[in-house]
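Take a look and give me a structure for this.
(2 chains)
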Amino acid sequence: NAGVTQTPKFQVLKTGQSMTLQCAQDMNHEYMSWYRQDPGMGLRLIHYSVGAGITDQGEVPNGYNVSRSTTEDFPLRLLSAAPSQTSVYFCASSPGRGRMFFGEGSRLTVL
Amino acid sequence: AQSVTQPDIHITVSEGASLELRCNYSYGATPYLFWYVQSPGQGLQLLLKYFSGDTLVQGIKGFEAEFKRSQSSFNLRKPSVHWSDAAEYFCAVGLSSGSARQLTFGSGTQLTVLP
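Numbers count the residues shown, from 1 in each chain, chains lettered A, B, ... in the order given. The predicted model follows:
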């Protein structure tokens, strides 16, 4: 049982480049979300999805896009990377009642 | 909107000593409350949660937390810390309506354990 799988684990981008962070879960959870973690700021919600075809914005959505075509996958797209998007990104899925399963994170550096 | 405050950025304790990590929340109704732990290079793992009922909740790894409504607090405790407890700890609050799948996290407390 793999749980939540994120790829890549590390990525370096130049300003203006685009990329997609992949997230897949095998627990059949309807709810999935993306957080970014920055020093001293905890985790902040970027986007979330309550099921296939349904997505919504979290606290810090600007510069990011998501889609949810299947229950399993929830990719996060950076449209035009900026240095302010240097962060560690976590994908999570949840069966409800606050129990969240996190991936191991993707460390992104934007130069 | 709900918010979570963890006033201690960094705490250092000796192995075998007791531990208390503070968490205060702001929310208009009774929230769902959580503590998560993050080891270096890893994702977050749920330690314990409070939804309702007994205000003292037990979690994994010997941790417990007490919900105090009058103080809007949900402090995490452990009677005797082990070196393997060194990690970052996050308090989180979830909406008590619906299925509480959206969480707001505090900024975290880094725990260092001295031998």
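
Do you have the strands of chain A handy? List them.
Applying DSSP state E to chain A gives strands spanning A:4-7, A:10-13, A:19-25, A:31-37, A:43-51, A:54-57, A:64-66, A:76-78, A:87-94, A:101-102, A:106-110.

got the residues of chain B near chain A?
B:4, B:6, B:9, B:32, B:34, B:36, B:41-46, B:49, B:51, B:90, B:92, B:94, B:99-108 (C-beta under 8 Å from any C-beta of the partner chain). Just so you know, the C-beta spots here come from the backbone N, C-alpha and C atoms, and that holds for glycine as well.

rewinding a little: which among the strands of chain A is found nearest to chain B?
strand A:101-102 (3.2 Å; C-beta to the nearest C-beta).

For chain B, which segments count as strands?
All strands of chain B, identified by DSSP E, fall at B:3-5, B:10-14, B:19-21, B:24-26, B:32-38, B:44-50, B:56-58, B:64-68, B:73-78, B:87-94, B:103-105, B:109-114.

Show me the contact partners of the fourth one.
In other words, strand B:24-26. Strand B:24-26 is contacted from outside by B:2-5, B:7, B:31, B:33, B:71-74, B:91, B:93, using C-beta atoms under 8 Å, 6 or more residues apart in numbering or on different chains.

ok, now which ones touch residue 21?
All of this is about chain A. By C-beta under 8 Å, 6+ apart, the contact list for A:Leu21 reads A:6-8, A:11, A:34, A:75-78, A:89, A:91, A:106, A:108.

if you could check chain B rather than the one you did, that'd help
Contacts were defined as C-beta under 8 Å, 6+ apart; by that measure B:Leu21 touches B:6, B:8, B:11, B:35, B:75-77, B:89, B:91, B:109, B:111.

Kindly reformat those residues as TSV containing pLDDT and neighbour count.
Listed next are these as TSV, based on pLDDT from 0 to 100; neighbours: other C-beta atoms under 10 Å in any protein chain shown:
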residue	pLDDT	neighbour count
B:Gln6	96	19
B:Asp8	95	14
B:Ile11	97	16
B:Trp35	96	26
B:Asn75	98	17
B:Leu76	98	23
B:Arg77	98	14
B:Tyr89	97	24
B:Cys91	95	30
B:Thr109	96	20
B:Leu111	97	21
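
ok, of those, which one's closest to chain A?
Here the nearest of the contacts of B:Leu21 to chain A, counting by C-beta to the nearest C-beta, is B:Gln6; it sits at 7.9 Å.

quick revisit: want to try CSV for the strands of chain A, with mean pLDDT and distance to B:Asp85 as columns?
Below are the strands of chain A laid out as CSV (pLDDT from 0 to 100; distance: least, C-beta to C-beta, whole Å):
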stretch, mean pLDDT, distance to B:Asp85
strand A:4-7, 96, 24
strand A:10-13, 96, 27
strand A:19-25, 97, 28
strand A:31-37, 94, 20
strand A:43-51, 91, 20
strand A:54-57, 92, 36
strand A:64-66, 97, 34
strand A:76-78, 97, 32
strand A:87-94, 94, 21
strand A:101-102, 92, 19
strand A:106-110, 96, 24
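
List the residues that contact the nearest residue to A:Met32 once chain neighbours are set aside.
Spatial nearest neighbour of A:Met32, excluding adjacent residues (C-beta to C-beta, 6 or more residues apart in numbering or on different chains): A:Phe74 at 4.1 Å. Going by C-beta under 8 Å, 6+ apart, A:Phe74 touches A:23-25, A:32-34, A:49, A:66, A:68, A:91, A:93.
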